[in-house]
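A.B. asks: Make a model of this:
(one chain, ligands or ions: 1)
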Amino acid sequence: MATYSRLPGSVALITLQNPPVNALSAAVRQGIVDTVQRALKDPKVTSVVICGQNGKFCGGADIREFAGPMLGPPLVPMIHAIEAVDKPVAAAIEGVALGGGLELALGCHYRIAHSKALLGLPEVTLGLLPGAGGTQRLPRLIGLTAALDLITTGRHISAAEALKLGIVDQVTDSNAVDQAVEFVRSVAGRS
Ligand SMILES: CCC/C=C/C(=O)SCCNC(=O)CCNC(=O)[C@H](O)C(C)(C)COP(=O)([O-])OP(=O)([O-])OC[C@H]1O[C@@H](n2cnc3c(N)ncnc32)[C@H](O)[C@@H]1OP(=O)([O-])[O-]
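C.D. replies: Numbers count the residues shown, from 1 in each chain. Take a look at the predicted model:
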């Protein structure tokens, strides 16, 4: 699931909840769809932060659901809907942003990472491609050569490398959620 709260300063905070790594289960995807709609429709909300509970942004698709039929909202339109929100949306990346988790973050307008976070597209190690927009959004963001390296090796990179490559906008040693909230407040209302 995903919870919704409105913080002072008109920021909507969406928190993914699916232990142990807040993977994108059907319930989490449904929660994201519902809470993003809520943030969109709430006139008091001027910006949005998406984070994961217990210091983990998102470990990607929920591998526990791979054996069964695909249920719940698909990932691709869900991420498109986030990208289309006309209020600034930031991903607060703590712990991991892997696979579909990084693709979700790439659909946000900004990414703020904790210095100890790990990011990557490890789909290739499971015999998959990053099929939720990662093969488009990552090259647009950091160029084809750097994106192909990450997509074809599946390696995990540090927040420092992600900053150098241009995948994240800021890296912090303190609380990434607080930092992301402060960041979106500073850009709210801008085009
Ligand atoms: C169109 C679709 C496109 C998207 C495709 C994808 O996203 S493909 C997916 C791309 N994502 C990946 O390939 C990520 C693969 N995962 C990893 O690389 C590592 O597990 C880690 C870096 C997230 C954590 O490392 P660590 O050494 O700190 O810890 P640890 O390794 O011991 O794991 C702890 C617990 O977490 C569990 N769990 C982990 N991931 C998932 C998951 N996705 N789901 C559910 N559960 C997951 C793991 O089973 C274990 O459970 P247990 O046994 O305690 O009940």
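
A.B. asks: any low-confidence regions in the protein?
C.D. replies: For the chain, the stretches flagged by pLDDT under 70 are 191.

A.B. asks: Can you show me the strands along it?
C.D. replies: For the chain, the strands defined by DSSP state E occupy 2-7, 11-16, 47-52, 89-93, 96-98, 110-114, 118-120, 157-158, 170-172.

A.B. asks: Pull up the residues of the protein that are close to the ligand.
C.D. replies: 20-21, 23, 59-64, 75, 96, 98-100, 122-123, 126, 128, 130-132 (C-beta under 6 Å from any ligand atom). C-betas here are computed from N, CA, C, even on glycine.

A.B. asks: Emit the PyMOL select command for whichever of these are buried.
C.D. replies: Buried subset of the residues of the chain next to the ligand, written as a PyMOL selection, criterion 16 or more other C-beta atoms under 10 Å:
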select buried, resi 21+23+59+60+61+62+75+96+98+99+100+122+123+128+130+132
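
A.B. asks: taking the residues of the chain next to the ligand one by one, which sit in helices?
C.D. replies: Assigned to helices by DSSP state H, the following of the residues of the chain next to the ligand qualify: 75, 100.

A.B. asks: didn't residue 120 look like it was pressed against residue 156?
C.D. replies: Yes. Assessed by C-beta atoms under 8 Å, residue 120 is found in contact with residue 156 at 4.1 Å.

A.B. asks: For the two, list the residues in contact with both.
C.D. replies: Shared contacts of residue 120 and residue 156 (C-beta atoms under 8 Å, 6 or more residues apart in numbering): residue 98.

A.B. asks: out of these two, which sits in the more crowded spot?
C.D. replies: More neighbours surround residue 120 than the other of residue 120 and residue 156, with 23 against 16 (other C-beta atoms under 10 Å).

A.B. asks: where's residue 39 relative to residue 144, distance?
C.D. replies: 33 Å (C-beta to C-beta, to the nearest Å).

A.B. asks: again with residue 75
C.D. replies: Distance check for residue 75 against residue 144: by C-beta to C-beta, it reads 23 Å.
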